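Visitor: please work out how this folds:
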Amino acid sequence: MLQSGNKQAVDAYLKDWLEWGDLMREEQSRNPNPVVERLRKLKAEKLAAQ
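Guide: Alright, predicted model coming up:
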C-alpha cells in the first residue's frame, strides 16, 4: 500500500502524464504525420472502391 506522501506524488505524476498525453493527441490531430495522412487516404480510397 502506498504511504500518504507517496500516493499524493503518484497521483500528481499520473495527472500530469494524462494531461500531457491529451495535449500530444490534440497536437497530432492538428499536425498529422504525412505518412499517417497517406495511409488514411489509401484506406478511404480502398473503402470507396468496394
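Visitor: give me the pLDDT value at the spatially most central residue of the chain.
Guide: Note on the chain: the residue nearest the mean C-alpha position is R25, at 3.8 Å, using Cα atoms, centre = their mean. The model reports R25 with a pLDDT of 95.
Visitor: what helix or strand is it on?
Guide: Secondary structure assigned from DSSP states H and E places R25 in helix 4-30.
Visitor: only alpha carbons, please: show the next helix or strand after that helix as PDB.
Guide: Next in sequence after helix 4-30, counting helices and strands by DSSP H and E, comes helix 34-49. What follows is helix 34-49 as a C-alpha-only set of coordinates in PDB (Å, rounded to 0.1, in the frame of the first residue of the first chain):
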ATOM      1  CA  PRO A  34       2.400  12.800 -43.600                       C
ATOM      2  CA  VAL A  35       2.700   9.100 -43.600                       C
ATOM      3  CA  VAL A  36      -0.400   8.700 -41.500                       C
ATOM      4  CA  GLU A  37      -2.300  11.100 -43.800                       C
ATOM      5  CA  ARG A  38      -1.200   9.000 -46.800                       C
ATOM      6  CA  LEU A  39      -2.300   5.800 -45.100                       C
ATOM      7  CA  ARG A  40      -5.700   7.300 -44.200                       C
ATOM      8  CA  LYS A  41      -6.200   8.400 -47.800                       C
ATOM      9  CA  LEU A  42      -5.300   5.000 -49.200                       C
ATOM     10  CA  LYS A  43      -7.700   3.400 -46.700                       C
ATOM     11  CA  ALA A  44     -10.500   5.700 -47.700                       C
ATOM     12  CA  GLU A  45      -9.900   5.000 -51.400                       C
ATOM     13  CA  LYS A  46      -9.900   1.300 -50.800                       C
ATOM     14  CA  LEU A  47     -13.200   1.500 -48.900                       C
ATOM     15  CA  ALA A  48     -14.700   3.700 -51.600                       C
ATOM     16  CA  ALA A  49     -13.800   1.200 -54.300                       C
END
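Visitor: show me what helix 34-49 is packed up against.
Guide: Judged by 3 or more Cβ pairs under 8 Å, 6 or more residues apart in numbering; DSSP states H and E, helix 34-49 is in contact with no other helix or strand. Backbone N, C-alpha and C define where each C-beta goes, glycine included.
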